[in-house]
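>>> Provided below are the primary sequence and the corresponding predicted coordinates.
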Amino acid sequence: MQKFRHAVIAATVMLLTASWTVPVHAAENTLKVVLEDSIYGGLIGTVLGTASLAFTKHASDHLDYIAYGAAVGTIAGAGVGVVTSINRAVAEYENGKVKLAIPTVMPDLQETTRGQVVLAVKANLIRGTF
């Protein structure tokens, strides 16, 4: 009887949660980017933490390097996701209102005509929707 009650409660909660959700496309996209970058960062950090065990004398004593790598990778991935999903300009014009904000500065590698790679810094100064 107890298991049946838990199953009914779980099914009710799932149905209510599914029926009350409202699709928000902008929030889903930003959240999706941040979560994907966090997961990829965590996986890369785990691999790097595991690879660092090869440089220790007693690898079994340092298994915590794997967890440290995963944690640092997840945090770094979330940071990359947040930075790449935010696109602000100094002045934005939207719906008849002007908004002032601090711009997001994005580094970018560009190849010149001579084949050299140059680090360029990009910041949006003005953005508007009409």
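Nice, thanks for sending it over.
>>> tell me where the protein has strands.
For the chain, strands defined by DSSP state E occupy the ranges 89-94, 97-100, 105-111, 117-128.
>>> which of the ones you listed has the lowest mean pLDDT?
For these, the bottom mean pLDDT is recorded on strand 89-94, which sits at a mean of 66.
>>> the domain parsing of this structure - what is it?
Under the assignment automatic domain parsing, the domains of the chain span 1-86, 88-130.
>>> what lies in contact with stretch 30-40?
With contacts defined as C-beta atoms under 8 Å, 6 or more residues apart in numbering, stretch 30-40 is touched by 74, 77-78, 80-82, 84-85. Placement of C-beta: from N, CA and C, glycine included.
>>> and these as JSON lines, adding distance to Ile66?
Supplementary listing: the contacts of stretch 30-40 in JSON lines, determined by distance: C-beta to C-beta, whole Å:
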{"residue": "Thr74", "distance to Ile66": "13"}
{"residue": "Gly77", "distance to Ile66": "16"}
{"residue": "Ala78", "distance to Ile66": "19"}
{"residue": "Val80", "distance to Ile66": "21"}
{"residue": "Gly81", "distance to Ile66": "22"}
{"residue": "Val82", "distance to Ile66": "25"}
{"residue": "Thr84", "distance to Ile66": "27"}
{"residue": "Ser85", "distance to Ile66": "28"}
